[in-house]
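Participant: Structure here, sequence nowhere to be found:
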């Protein structure tokens, strides 16, 4: 198993990661692939790391600078969520703040879960954020997923509050060095 930076040829896998992280059907990737192909999008392939078994992708994490969050959120959502009431977007919580490195979407293929791959991808994304000078790492986890919250807590993340995001409640969690 190896972890590498995603390339443009990974767009479809990155799109699948976004949909998996949002608990959405991955059979219709087309609507999110354009966002993942766009280098300016928050879900772009250029913000992703891919875990591979041989040359087969088995996991992915998308992460980026919180300093860039608001402009890339507006850019991404205005294109990806066409038709969504802009007020819903405005009322959704801010996921990442300046001075934080944001761990956005993580997905592991079912057959590879439970073997530490998620932890390795998280560590690789955190290491990359550290190489950029970040000491604070943020993520959201759905309130209805207590096991996932416990998992992130086991990695050193602490809950700093709850937020409403697209009409759903999330724990906002931080890891600080």
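Facilitator: Okay, I see it. Since the structure is predicted, the reported quantities are computational estimates derived from the model, not experimental observations.
Participant: Now for residue 12: which residues touch it?
Facilitator: With contact set as Cβ atoms under 8 Å, 6 or more residues apart in numbering, residue 12 has these partners: 29, 33, 36. C-beta here means a position set from N, CA and C on the backbone, and glycine is covered the same way.
Participant: and if we set it to 6 Å?
Facilitator: Contacts for residue 12 (Cβ atoms under 6 Å, 6 or more residues apart in numbering) come out as none.
Participant: before we move on, what about the one 3 residues further on?
Facilitator: Contacts here follow Cβ under 6 Å, 6+ apart; on that basis residue 15 touches 29, 32-33, 36.
Participant: That one looks like it's in a strand, true?
Facilitator: No: Residue 15 is assigned helix when assessed by DSSP: H, G, I helix; E, B strand; the rest coil, not a strand.
Participant: Tell me the predicted confidence for it.
Facilitator: Reported pLDDT at residue 15 in the predicted model: 94.
Participant: before we move on, what about residue 84?
Facilitator: At residue 84, the model reports a pLDDT of 64.
Participant: Against residue 143, how distant is the residue located most distally from the centre of the chain?
Facilitator: Centroid-distance maximum for the chain: residue 54 at 23.6 Å, with Cα atoms, centre = their mean. Applying Cβ to Cβ, to the nearest Å, the value for residue 54 to residue 143 is 37 Å.
Participant: Kindly report the same for residue 94.
Facilitator: Relative to residue 143, residue 94 is positioned 17 Å away (Cβ to Cβ).
Participant: and what of residue 73?
Facilitator: As for residue 73, its distance to residue 143 is 21 Å (criterion: Cβ to Cβ).
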